[in-house]
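Engineer: what's the 3D shape of this:
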Amino acid sequence: MRRLRNVKIVATLGPASDDYNMIRSLHEAGADVFRLNMSHGSHAEIAEKHAIIRKVEADLNSTIGILADLQGPKLRVGVFSGDSEMLDIGAKFRLDLDTAEGTSDRVCLPHPEIFQALEVGASLLVNDGKIRLQVDACGPDFADCTVVIGGVISNRKGVNVPDVELPLAALSSKDLADLEFVCALGVDWLALSFVQRVADVEEARVLVKGRAAILSKIEKPNAVERFDDILAASDGIMVARGDLGVELPVQNVPPIQKRLVRKCRAAAKPVIVATQMLESMIESPMPTRAEVSDVATAIYEGADAVMLSAESAAGDYPIQAVQTMDNVAQEVEVDPTYTQIIEASRTANRASVADGIVAAAREIAETTDIKAICCFTQSGTTALLTARERPRVPIIAMTPLVGTARRLALSWGTNCVITDNLDRFKGAVVAAAKAARTEGFADKNDQIVVTAGVPFNVPGSTNILRVAPCDERLIFNTDPE
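Structural biologist: I've put the predicted structure just below:
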């Protein structure tokens, strides 16, 4: 299913989008990747959604990516005797390991590892930062705090600890079970929540065993500080602005977003901008002007994908939310300013032969009458390198591996075509010409650029470039064996 834009759209599935008709409609409206949130739903429900996505994919003959998002180590307070309490500014409040129901003076925080890491002066943020506590004294089983920002605290609200690195395992027991389940199920991407260090990514990679690509969610200050190393260890990145905006001053988030997106682009790794992009569309058929500008900003920055969370999972207007993102993307990408920004922010990467080949392909395509760049790829690396160039012409990623095509559904500008295994470059050129015509990117009188690696079927071996006609009769008449 050809899109009229390059940026990809990720839609989260949930109660509002859990049947065949809705999931198919979301894909037809513009969703390229579906996110399965492992924080909600049983394994049986996740498996049912996965099966529906694959049926939609088969029925529409359209490659769809599936992203499983692990919950990560969630920190929550216990319960209150009256379900909630009001905390006034300046009041004293204790967090401890006592499992008795909470009062206006204290509540259980059943995470001893937090108390072990806390220091006097540290901040504790409750309920997405709506309540802020400052630690006055602490020990191995308690923290005495002053209420800095007051409000209503209620049962099982989340707790963030932005000032310290917590000695938490990146993967909880639930995450470990979910990881094995979704990898066996056959998801394409696995998102890791609350990554703090490179070791978190490395641990997951050992467990995944190559069955899915690993995407690190950046939502902790520690992850921002160690981003270069985390990026190097990951296959992709999600700028998860929700928790990031809780643990850091909100004004810090936009420049961080811009820096991370550019670093991902330079590294040729997909990056998703996520959280609250069209939040008002949970209840309204129309977004706010600010939300539209937010989506547009991520696209202008060159993000590979933008994501819907509750808007498509639990909102009243999931299809309209996807359509809105699609419409914004199309409008932005035809703006001459978009091209100027993308090209001005392009980094020169010439570290390998493959880097040089894809850069040359983009330059040739943009200086002559070329309709598309067709790249043959096994692992997806060549397509990612081509996407890093952000060419003005479409990218057709040719691969014999369905898994590679599905993972590339997250990558900017890639239009994936499943092809037969090939062993000669002439056959590859003919296949590329047919694909360009069949997919509507060119006709028989046009030319395309073809890149591939010889010998074939060797990942990372891109070493040849050819400007070819889209009429295979001309290819056979002019090409030597």
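Engineer: any idea how far residue 188 is from the residue nearest the centre of the chain?
Structural biologist: Residue closest to the mean C-alpha point of the chain, counted by C-alpha atoms, centre = their mean, is residue 272 at 3.7 Å. Per C-beta to C-beta, to the nearest Å, residue 272 is found 13 Å from residue 188. Every C-beta, even on glycine, is put in place using the N, C-alpha and C of the backbone.
Engineer: lowest-confidence helix or strand of this structure?
Structural biologist: For the chain, using mean pLDDT, DSSP states H and E, the weakest element among its helices and strands is helix 472-478, scoring a mean of 70.
Engineer: strands along the stretch 201-350 of the chain, start to end?
Structural biologist: With DSSP state E, counting those that start in this stretch as the criterion, the stretch 201-350 of the chain has strands at 213-218, 236-240, 271-274, 305-308.
Engineer: those strands: which one's closest to residue 34?
Structural biologist: strand 305-308 (10.3 Å; C-beta to C-beta).
Engineer: could you name the helices and strands sitting against that closest one?
Structural biologist: strand 8-13, strand 271-274, helix 289-301, helix 318-333 (3 or more C-beta pairs under 8 Å, 6 or more residues apart in numbering; DSSP states H and E).
Engineer: could you list the paired strands of that strand along with their orientation?
Structural biologist: strand 8-13 (parallel), strand 271-274 (parallel) (DSSP bridges).
Engineer: the ones you listed into CSV, with extra columns for distance to residue 132 and mean pLDDT?
Structural biologist: As requested, the strands paired with strand 305-308 are exported to CSV (distance: least, C-beta to C-beta, whole Å; pLDDT from 0 to 100):
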stretch, distance to residue 132, mean pLDDT
strand 8-13, 29, 98
strand 271-274, 24, 98
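Engineer: got the contact list for residue 164?
Structural biologist: 117-119, 122 (C-beta atoms under 8 Å, 6 or more residues apart in numbering).
Engineer: could you check how far it is from residue 273?
Structural biologist: 27 Å.
Engineer: same question for residue 473.
Structural biologist: The gap separating residue 473 from residue 273 is 45 Å, by C-beta to C-beta.
Engineer: of those two, who's got more company?
Structural biologist: More neighbours surround residue 273 than the other of residue 473 and residue 273, with 26 against 11 (other C-beta atoms under 10 Å).
Engineer: what sits up against the lengthiest helix in the chain?
Structural biologist: If you go by DSSP state H, the chain has its longest helix at helix 43-60. With contacts defined as C-beta under 8 Å, 6+ apart, helix 43-60 is touched by 1, 13, 18-20, 23-24, 27-28, 34, 36, 38, 41, 62-64, 66, 68, 178, 181-182, 185-187.
Engineer: whichever of those residues end up buried, select them in PyMOL.
Structural biologist: In PyMOL syntax, the buried subset of those is picked out as below (16 or more other C-beta atoms under 10 Å):
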select buried, resi 13+23+24+27+34+36+38+41+63+64+66+68+178+182+185+187
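Engineer: which members of the contacts of helix 43-60 occur in helices, if any?
Structural biologist: Among the contacts of helix 43-60, the members found in helices (DSSP H) are 20, 23-24, 27-28, 178, 181-182, 185.
Engineer: just send these back as a markdown table, with distance to residue 332 and pLDDT too.
Structural biologist: Listed next are the ones in helices among the contacts of helix 43-60 as a markdown table, based on distance: C-beta to C-beta, whole Å; pLDDT from 0 to 100:
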| residue | distance to residue 332 | pLDDT |
| --- | --- | --- |
| 20 | 31 | 98 |
| 23 | 26 | 98 |
| 24 | 26 | 98 |
| 27 | 21 | 98 |
| 28 | 21 | 98 |
| 178 | 35 | 98 |
| 181 | 38 | 98 |
| 182 | 33 | 98 |
| 185 | 35 | 98 |
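Engineer: can I get these in TSV including distance to residue 299?
Structural biologist: Listed next are the ones in helices among the contacts of helix 43-60 as TSV, based on distance: C-beta to C-beta, whole Å:
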residue	distance to residue 299
20	30
23	24
24	25
27	20
28	21
178	31
181	34
182	29
185	31
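Engineer: list just the nearest of those to residue 398.
Structural biologist: Nearest to residue 398 out of those is residue 27 (C-beta to C-beta; 21.9 Å).
Engineer: the closest one: what's it in contact with?
Structural biologist: Contacts of residue 27 (C-beta under 8 Å, 6+ apart): 1, 34, 56, 60, 62, 64.
Engineer: isn't the second one up against residue 11?
Structural biologist: In other words, residue 34. Yes: between residue 34 and residue 11 a contact is recorded at 5.9 Å, counting by C-beta atoms under 8 Å.
Engineer: need the overlap of contacts for the two.
Structural biologist: In contact with both residue 34 and residue 11: residue 26, using C-beta under 8 Å, 6+ apart.
Engineer: ok so, going back, drop anything exposed from the contacts of residue 164.
Structural biologist: Of the contacts of residue 164, these count as buried by 16+ other C-beta under 10 Å: 117-118, 122.
Engineer: from the residues you listed, which land in strands?
Structural biologist: Here DSSP state E is the test, and the buried ones among the contacts of residue 164 give no hits in strands at all.
Engineer: and of these, the nearest to residue 421?
Structural biologist: Closest to residue 421, out of all of the buried ones among the contacts of residue 164 and judged by C-beta to C-beta, is residue 117, at 52.6 Å.
Engineer: on that earlier part again, okay, and the common contacts of residue 272 and residue 188?
Structural biologist: Residues touching both residue 272 and residue 188 (C-beta under 8 Å, 6+ apart) are residue 410.
Engineer: which stretches of the stretch 351-481 of the chain have low pLDDT?
Structural biologist: 476-481 (pLDDT under 70).
Engineer: quick one, strands of it?
Structural biologist: Counting by DSSP E, counting those that start in this stretch, the stretch 351-481 of the chain has strands at residues 370-376, 395-399, 414-418, 447-453, 462-469.
Engineer: tell me the angle the first one makes with strand 414-418.
Structural biologist: Angle of strand 370-376 versus strand 414-418, following axes from the mean of the first three to the mean of the last three C-alpha atoms, to 10 degrees, is 60 degrees.
Engineer: let me know the closest of the buried ones among the contacts of residue 164 to residue 201.
Structural biologist: Residue 201 lies nearest to residue 117 out of the buried ones among the contacts of residue 164, by C-beta to C-beta, at 21.0 Å.
Engineer: was I right about the closest one contacting residue 161?
Structural biologist: Yes: using C-beta under 8 Å, residue 117 is in contact with residue 161, at 7.5 Å.
Engineer: domain-wise, how is this structure divided?
Structural biologist: Following automatic domain parsing, one finds the domains of the chain at 8-72+170-335, 84-160, 353-478.
Engineer: now render those as TSV, adding distance to residue 346.
Structural biologist: Below are these laid out as TSV (distance: least, C-beta to C-beta, whole Å):
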stretch	distance to residue 346
domain 8-72+170-335	8
domain 84-160	36
domain 353-478	6
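Engineer: for those domains, which one sits closest to residue 347?
Structural biologist: Of all the domains of the chain, it is domain 8-72+170-335 that lies closest to residue 347, at 4.5 Å by C-beta to C-beta.
Engineer: now do the closest one: distance to the chain's middle.
Structural biologist: On the basis of C-alpha atoms, centre = their mean, to the nearest Å, domain 8-72+170-335 sits 4 Å off its chain's mean C-alpha point.
Engineer: is residue 450 bridged to anything, and to what?
Structural biologist: residue 374, residue 466.
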